[in-house]
Each structure stands twice: as C-alpha cells, then as structure tokens.
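1. turn this into a structure:
(chains A and B)
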There are 2 protein chains.
Amino acid sequence: MLDIALLGTGGMMPLPNRWLTSLLVRLNGRMILLDCGEGTQVTAKLMGWGFINIDVILITHFHADHVSGLPGMLLMIGNSGRTEPLKIIGPKGLRAVVRGLRVIAPVLPFEIELVEIEGDRFETELCGLNIKALKLNHRVPCYGYSFELFRKGRFSPERAKENDIPLKYWSKLQKEGRVITDEGRVLTSDMVLGPDRKGLKVCYTTDTRPTEEIPDFIRGADLFICEGMYGDGEKLEKVTEKKHMLFSEAAKLAADGEVKELWLTHYSPALMNPKAEVGAARAVFKNTKAAADRYNITLKFQDK
Amino acid sequence: MLDIALLGTGGMMPLPNRWLTSLLVRLNGRMILLDCGEGTQVTAKLMGWGFINIDVILITHFHADHVSGLPGMLLMIGNSGRTEPLKIIGPKGLRAVVRGLRVIAPVLPFEIELVEIEGDRFETELCGLNIKALKLNHRVPCYGYSFELFRKGRFSPERAKENDIPLKYWSKLQKEGRVITDEGRVLTSDMVLGPDRKGLKVCYTTDTRPTEEIPDFIRGADLFICEGMYGDGEKLEKVTEKKHMLFSEAAKLAADGEVKELWLTHYSPALMNPKAEVGAARAVFKNTKAAADRYNITLKFQDK
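-> Below you'll find the model as predicted:
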C-alpha cells in the first residue's frame, strides 16, 4: 500500500559505500522525495522506482548534504519525460536556494511550484497523504515530516439504518461517496460508515536534537525514521553542540512516541559500522534498526 | 612525475557504475581538478589522492554534469583542512555560477579566486604547469585544456665555456639558477644549459565537435583525453546536432595531432560497454583506449 525506501543513510558527505540520507514515499504510483543530497539520483536509479512520478520534493533544511543533488535530480526528472508541475516544499529561503542551484538547470520541461514553510508547523494534503511538518532543533531552520494515510471506517448497516438510508442506495453510496436520492436528499458516505479505522503513519526527523514535541508528532507511527549521527560511544557534549543525536536518543523518542519501528539514518562519515553500535539504542527501544542504503518496506493496513 | 587520474567517464548523468567525467592532474603533490559533476567527490575519495592540495579547479563549461558537484567538493576541500586560497577558472559567467551554487556552501575556510576566460584562448602557469585553454565547439561556451610540464636542457660544459662561466660557479648555477660572481656579474642557468628537452603534455577536450584547432592544440601530447559521447554505431546527424563526437572522430583528432595515446571518456548513459565499440576508432588511431573510471597513469620524462 504505502511504499517507503530510504535511499541513503549518510550524513555530511556522500561516501563510496553510503549515499546521503533521503527518502522516497510512494502511494498508488505517485511519489514524494524527502531531501536530495549529492548523488541521490544515483541511489534512486538503483532503487528502480523511476523519476517521472515524483510529484513533490520536501526539503528538511538547506545544509548541502540535504539539497546539493537538487539540480541534477530536477534534470533527471525532466529527462524522464515529466511535464506535470512539481512542488518543492522547504523552510523559508527555499526560493533563494532553488534559484541559486538552478543556475545550472535553468530550463526544465515542467513548472516548479515552491512552498516556503514559516512558523513551527505546516500541514498539507498531497499524493493522497496528509503531510505535516514540525520545526526541529538544528543549527539552521529544519523541519521533520510525517505522512499519514487515513482509512475510512467499515460499511455499517446499523449506521445506514440509523440515518434512514434506503437499501437501494447502500452500494452506490459506498462506491461513489455521494448520492442524491430520487427525492433530492443528499447522502454522503459517512452516513453508512463506521468510525475511521487505523491508517498508516511514517515520520522522518533529521537533522535535530531531541525535542519535546517530537514524541507527540510521531505518536503511534508505523515507521519512524530518525537521525542517528553518532553511536553511543560519542561524547554527548559534541553531539549537543553539533545539534545531532546519539542512537539511544533517537530510541528514547521512538519509545516515548510509542512507534512500531525505528530506522536510524544520517550516520557520521566516521561511523563505519552502524549495526555494531545499535545495542544501547535497542535497550531503550527494542525495535530499532540501523538502516542501510535502500532499506525499504511496504506498509499495509493491519485489519481487513 | 606527472600523475593523471580520470575520476569518471560518464556524460549527462552519474550512473551507479560510472561517475561523471572529471580529471585530476598532480605534480609534486599539488593538484588541479578539471570539471566537477555530481559525485566527483566520491570517486576522488576512491582515488585516494586527498583534497587539501587541490589548488585549482578548471571548468570546461556550465552544463550540470560538469559543475553540479562543485559546492560539495568545496565543502569537502574545506573539511580536509585547507586554508590556502583556491583558484577556479572557467568560461565567462563563472562568477554567477559559483555565486548560485554557493547558496548551499556560503562559508568556507579558504578564499576563492575566480578567473573568467573570455575569447578563444587563455594561458597561465599554475602548480608548476603551463596551462592553455582553447575554445571548443559545443552548445554553450566550452574550453579544452592542455597541461605542459617543460623541461630544461642538460648541463653543457661547451655552453658554459662559450659564455665564459668560471668553473667554480658551474655547480652553484645549476643548483640555484642565478649567481652573482665576486666581480658582480650576473650569471643565469640558461648560460650553462643546452636546449630545452622534451617535457610532458596532457590535453583534455570535452564537450565538443571536432574543430580545426584541436590537432595543433594537442600536438605531440603524451596523453590526449577526449570525449567520445557515442560509439560509431550512432548516427552522425544526431551526434552533430548535440555537438558531441563519435569515437572515431576523437581518434581522427588524435591521429592528426600526432599524440601518443588517446583515452575516450564522457560516454552517453546509453553506451553500456564502451570497450566493445572501440574498433572503428582503433582503425583510425591505434593507441585508443576506452577509458574507465579512475584510469590513471604516471607520465615520466623519456630520456635522462
């Protein structure tokens, strides 16, 4: 249903065996790309989901490792044959950054719509997903994002009867969402549906220190992708100064937010073997994974 | 003596198994980088020559595949600890391109000096090399570059005698290049040296159609690195329209310029196996090589 691919897991600079952190979210064939560092187009090509259906690019912040691949990616999307408009969303200053980087990609076969986020929160609906942004705590303005796929309730004959919906409209109403009866009465699908069911939720927070708001922002997520710039052997003082996290700090957020699964990413280039350092984080939140490039998962609704 | 590394061999876009075309030239530990597409910093890291001693970056033209990696490279050079100024040379418009791209690399620990080439030719001395630029024939202003390492003549007792150089100054003069005698006479090394000997010459022309000037520009080069965007199965009409070359056209330039060796590079992403298509070029110029990423060679003076 909801496909998630972590295209890279590196922070600061691309390495021969580790691409910079970025995420592809795909629903019904439409895609959202989160962050686009140098080389993201290459790991996206390895992932094999194509480029033409990238409708939205979300940028967390303007450090080079999150945005330096943007001109190449835009050219690649153009080469793929896209002519539909593409939306780019990011912190205030996005217009200047995109204008600067497009000095080497001035001509594209599609329009770009830019949305600058101001303030601490932002919400929109795109590609069938509810998208929320939350201001994080990094050295420059930076946002985390959540993606929610809502799920309507089951058909409920009891509710249909309560609302006096004639039997002959039940099926049509479920199918079309809205029906006008022969008598001119407007019926809507919520009149025959039970309460909304649990949908799917994925969250992505990098780069940041832990903040008080993150646990509520990520609450109940099926998948929480969080920066883990440093293993727990690193000094907290350095980590705090650089406004990043230890693995175990990400795990604490995952536990507090009661998510199902945590993927660590955005590793320091000095962190050669993240998997070997995940022990302290697992003690805090058991379902912690030290993700690797092109980790991917298909999230499905849990009940029928 | 003169180390040459072709960091990548791709044109248009970086591929999972082929980095974009760029070249490192190293003499006595100092380095010149030619072109810097997306991912050049990664293949440079694989090459292992380091970053701190990159004194000069030459840009052939401003298509994204030749310059998109510049901000990441500058940050990488900064991270390596460089504080010495760095020079960037490229076509007119360089100032605007670097200003645009540095929107994501505004703070660097070294000064950047920009040199915009105007007109058809340019010449300078950097890192102990004589560097010449020649305007090529591409869709946008584009320059080829040559690197020459000159070599002085041998010590010649005959010449020293002709110039009345007292024996006691011979050794000092060779060592120091300039000596003032007890009588106040200024002696220079050319007074004791025979004619200049053959040095080393490396040339790099991409992207371009063949031009009348290229054979003279590359004449006698030890190594000629030239674009070969298309194998000889491609239609010349398309190649001409895109202002690129067939392999055999590069080979014709190599033959006309009487170079020693030709490396093809800047392959179309559709060209999966360049080595398999080099036959027609070899028929024109025998010592043609379909280069691959990180092809490298150390060129040495030929006689003692």
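
2. then stretch A:3-10 to CSV, C-alphas only?
-> In CSV, the C-alpha atoms belonging to stretch A:3-10 read as follows (Å, rounded to 0.1, in the frame of the first residue of the first chain):
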residue,chain,number,x,y,z
ASP,A,3,5.9,2.0,-0.1
ILE,A,4,8.9,3.5,1.7
ALA,A,5,12.5,3.5,0.5
LEU,A,6,15.4,5.1,2.4
LEU,A,7,17.6,5.9,-0.5
GLY,A,8,20.7,6.7,1.6
THR,A,9,21.8,6.7,5.2
GLY,A,10,24.8,9.1,5.2
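
3. please state the offset of that stretch from the chain centre?
-> From the chain centre to the centre of stretch A:3-10 is a distance of 10 Å (C-alpha atoms, centre = their mean, to the nearest Å).

4. what are the contacting residues of it?
-> A:14, A:18-27, A:37, A:39-40, A:43-44, A:47, A:49, A:65, A:202, A:223, A:225, A:263-267, A:269, A:274, A:291-299 (C-beta atoms under 8 Å, 6 or more residues apart in numbering or on different chains). Where you see a C-beta, it was placed from the backbone N, CA and C, and this is true even at glycine.

5. A:Gly128: neighbour count?
-> Residues within reach of A:Gly128, counting by other C-beta atoms under 10 Å in any protein chain shown, total 12.

6. try A:Asp196
-> A:Asp196 has 12 neighbouring residues, counting by other C-beta under 10 Å.

7. got the phi/psi numbers for it?
-> Phi and psi for A:Asp196, reported as degrees, to the nearest 10, are phi -50, psi 140.

8. what do you get for A:Leu94?
-> Backbone torsions of A:Leu94, given as degrees, to the nearest 10, read phi -60, psi -40.

9. circling back: so of the contacts of stretch A:3-10, which ones are in strands?
-> Under the assignment DSSP state E, the contacts of stretch A:3-10 contribute A:22-27, A:202, A:223, A:225, A:263-265, A:295-299 to strands.

10. selecting buried members of the contacts of stretch A:3-10 in ChimeraX, what would you type?
-> To isolate the buried ones among the contacts of stretch A:3-10 in ChimeraX, judged by 16 or more other C-beta atoms under 10 Å in any protein chain shown, type:
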select /A:14,18,19,20,21,22,23,24,25,26,27,37,39,40,43,44,49,65,202,223,225,263,264,265,266,267,274,291,292,293,294,295,299
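
11. so what touches the helix or strand bottoming out on mean pLDDT in chain A?
-> Within chain A, no helix or strand scores below helix A:167-176, which has a mean of 88 by mean pLDDT, DSSP states H and E. With contact meaning C-beta under 8 Å, 6+ apart, helix A:167-176 is reached by A:Phe155, A:Pro157, A:Ala160, A:Ile165, A:Val179, A:Thr181, A:Leu187, A:Thr188, A:Ser189, A:Met191, A:Val192, A:Leu193.

12. please repeat the previous calculation with a cut-off of 6 Å.
-> Helix A:167-176 has contacts (C-beta atoms under 6 Å, 6 or more residues apart in numbering or on different chains) with A:Phe155, A:Ala160, A:Val179, A:Leu187, A:Ser189, A:Val192.

13. and the contacts of stretch A:3-10 near chain B, which?
-> Among these, the residues lying close to chain B (C-beta under 6 Å from any C-beta of the partner chain) are A:Pro14, A:Gly39.

14. where does the most far-flung residue of chain A relative to its centre land in three-state SS?
-> Here the centre of chain A is the reference, and by C-alpha atoms, centre = their mean the most remote residue is A:Glu183, at 45.4 Å. Here A:Glu183 is recorded as coil under DSSP: H, G, I helix; E, B strand; the rest coil.

15. that older thread, next, the buried residues of the least confident helix or strand of chain A.
-> Within helix A:167-176, the residues that count as buried by 16+ other C-beta under 10 Å are A:Tyr169, A:Trp170, A:Leu173.

16. also stretch A:248-263?
-> Buried residues in stretch A:248-263, counting neighbours by 16+ other C-beta under 10 Å, are found at A:248-257, A:259, A:261-263.

17. which one of those is nearest A:Met76?
-> For the buried residues of stretch A:248-263, the closest approach to A:Met76 (C-beta to C-beta) belongs to A:Trp263, at 25.2 Å.

18. ok so, going back, distance to chain B, pLDDT and neighbour count added to the contacts of helix A:167-176, as CSV?
-> Listed next are the contacts of helix A:167-176 as CSV, based on distance: C-beta to the nearest C-beta, whole Å; pLDDT from 0 to 100; neighbours: other C-beta atoms under 10 Å in any protein chain shown:
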residue, distance to chain B, pLDDT, neighbour count
A:Phe155, 47, 90, 15
A:Ala160, 54, 91, 20
A:Val179, 50, 91, 20
A:Leu187, 52, 92, 22
A:Ser189, 46, 88, 16
A:Val192, 50, 91, 24
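
19. reformat these as TSV; add distance to A:Arg139 and secondary structure.
-> As requested, these are exported to TSV (distance: C-beta to C-beta, whole Å; DSSP: H, G, I helix; E, B strand; the rest coil):
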residue	distance to A:Arg139	secondary structure
A:Phe155	51	strand
A:Ala160	55	helix
A:Val179	54	strand
A:Leu187	54	strand
A:Ser189	47	helix
A:Val192	52	coil
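
20. okay, now the unreliable bits of chain A?
-> Within chain A, the stretches with pLDDT under 70 are A:304.

21. contact residues of it facing chain B?
-> A:14, A:16, A:38-39, A:42, A:46, A:62, A:64, A:67-68, A:71-72, A:75, A:97, A:100, A:103-105.
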